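J.: Just the structure for this:
(chains A and B)
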Protein chains: 2
Amino acid sequence: MTNVRVFVTYKESVFDPQGETIKNAIHSLGHEEVSAVKVGKFFDVTVNATGVAVEKVVKEIADQLLVNFNMETYTYQVMEEV
Amino acid sequence: MTNVRVFVTYKESVFDPQGETIKNAIHSLGHEEVSAVKVGKFFDVTVNATGVAVEKVVKEIADQLLVNFNMETYTYQVMEEV
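T.: Alright, predicted model coming up:
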């Protein structure tokens, strides 16, 4: 069993209005030392497989379901393999 | 300057309907080996500070803005400190 965290973010070239809004709200709270905020989603996926098989599953579900490749990109991280 | 990633998730006791729906969709794609999906948000925050000062900022913006403590909880990770 492998726990994978898939991170989905806007591509660098895509404006992140939610991040900008949150940054402005943080400034309103008095935290001018925060210079940038970017928002993303993550998916904690438990896969009953290990090694290369996990890589294949993650790629397929990212391609077919989790990621809008027009605007988004993804990375993933194996959190635990048991 | 410190880059911090703040992870916001539902509390364990709170049902995650989006995660369940995605899990079912993954099964429809034929990936029965995926046994659980949990969805979360993350915020990549750039703070013009280092060390303990960053910890204080993160705690304050989580408490006052990013997290709904009725349903959610958070963790954070320092990604880069320069």
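J.: Report the contact partners of A:K11.
T.: A:71-73 (C-beta atoms under 8 Å, 6 or more residues apart in numbering or on different chains). (C-beta placed from N, C-alpha, C; glycine too.)
J.: Give the pairing partners of the longest strand anywhere in chain A; include direction for each.
T.: In chain A, with assignment by DSSP state E, the single longest strand is strand A:34-47. Using DSSP bridges, the strands paired with strand A:34-47 are strand A:2-10 (antiparallel), strand B:34-47 (antiparallel).
J.: Of those, which is nearest A:K23?
T.: With C-beta to C-beta, the closest approach to A:K23 among those belongs to strand B:34-47: 8.6 Å.
J.: okay, the contacts of A:K11 in JSON lines with secondary structure and pLDDT next?
T.: Listed next are the contacts of A:K11 as JSON lines, based on DSSP: H, G, I helix; E, B strand; the rest coil; pLDDT from 0 to 100:
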{"residue": "A:M71", "secondary structure": "coil", "pLDDT": "96"}
{"residue": "A:E72", "secondary structure": "strand", "pLDDT": "97"}
{"residue": "A:T73", "secondary structure": "strand", "pLDDT": "97"}
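J.: Around chain B, which positions in chain A sit nearby?
T.: Contacts of chain A with chain B, taken as C-beta under 8 Å from any C-beta of the partner chain, map to A:1, A:7, A:9, A:19, A:22, A:25-26, A:29, A:31, A:33-49, A:53, A:57, A:60-61, A:64-66.
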